[in-house]
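Asks: Return atomic coordinates for the entry below.
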Amino acid sequence: MAREEFRFGTPLRVRWAEVDPQGIVFNGNYLTYFDVGMTEYFREIGYPYPDGLAEFGSDFFVVRSLIEYHDSARFDDDLEILTRVGRLGRSSIQLLLEIHRGGDHLISGELVYVNADPETRKSMPVPQPVRDAILAFERTRPEGA
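Replies: Below you'll find the predicted structure:
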């Protein structure tokens, strides 16, 4: 995906606790980095997670995660986590994410969330104000919107 398709990015510096003995980021930590990207994205559009959804009586639950490794991040690298909505369904949201170090594209991935009632975990529509904020923010219209 072209970097220009992402309107939002957040910085992250790799910490010592996230690397293996060779100083390379342990692969499972990229999901944590994706979570940082998601959290900051929703803060940016005006619905900080989780309170931004709680006001509508809903929450996101991950139903799919995918990571594609192109290169490794290392201890003390300055990274940028790029995040955008690729698909906006009735009750689901697909986030597309990339992690870059300077001009190097290290990681690609996606997270799919279902919006649901936190108590019953039954899916429910993404709240209209959240949908509107996503559509107003994104450069390109998400699929399904």
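Asks: Which of the helices and strands in the chain ranks last by mean pLDDT?
Replies: Counting by mean pLDDT, DSSP states H and E, the weakest-scoring helix or strand in the chain turns out to be helix 51-54, with a mean of 94.
Asks: mind listing the helices for the chain?
Replies: 29-44, 51-54, 128-137 (DSSP state H).
Asks: quick one on the thing from earlier: give me the distance from the least confident helix or strand of the chain to the chain's centre.
Replies: 16 Å (C-alpha atoms, centre = their mean, to the nearest Å).
Asks: could the helices of the chain go into CSV alongside distance to F75?
Replies: (Glycine included, C-beta is placed from N, CA and C.) Listed next are the helices of the chain as CSV, based on distance: least, C-beta to C-beta, whole Å:
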stretch, distance to F75
helix 29-44, 12
helix 51-54, 33
helix 128-137, 33
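Asks: Export the ones you listed as a markdown table, with columns for distance to E119 and mean neighbour count.
Replies: Shown next, in a markdown table, are these (distance: least, C-beta to C-beta, whole Å; neighbours: other C-beta atoms under 10 Å):
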| stretch | distance to E119 | mean neighbour count |
| --- | --- | --- |
| helix 29-44 | 21 | 19 |
| helix 51-54 | 12 | 15 |
| helix 128-137 | 19 | 15 |
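Asks: Nearest to D104 among the ones you listed would be which one?
Replies: For the helices of the chain, proximity to D104 was assessed by C-beta to C-beta; helix 29-44 is nearest, at 14.6 Å.
Asks: chain center to the closest one: distance?
Replies: 5 Å.
Asks: What mean pLDDT does stretch 6-23 get?
Replies: The average pLDDT within stretch 6-23 is 97.
Asks: From the rest of the structure, what touches it?
Replies: For stretch 6-23, contacts defined as C-beta atoms under 8 Å, 6 or more residues apart in numbering pick out 25-26, 29, 32-33, 36-37, 40-41, 44, 73-84, 98, 100, 137-139.
Asks: switch the cut-off to 7 Å
Replies: 25-26, 29, 33, 36-37, 40-41, 44, 73-84, 98, 137-139 (C-beta atoms under 7 Å, 6 or more residues apart in numbering).
Asks: same check, this time on stretch 136-145
Replies: 5, 7, 45, 84-89, 134-135.
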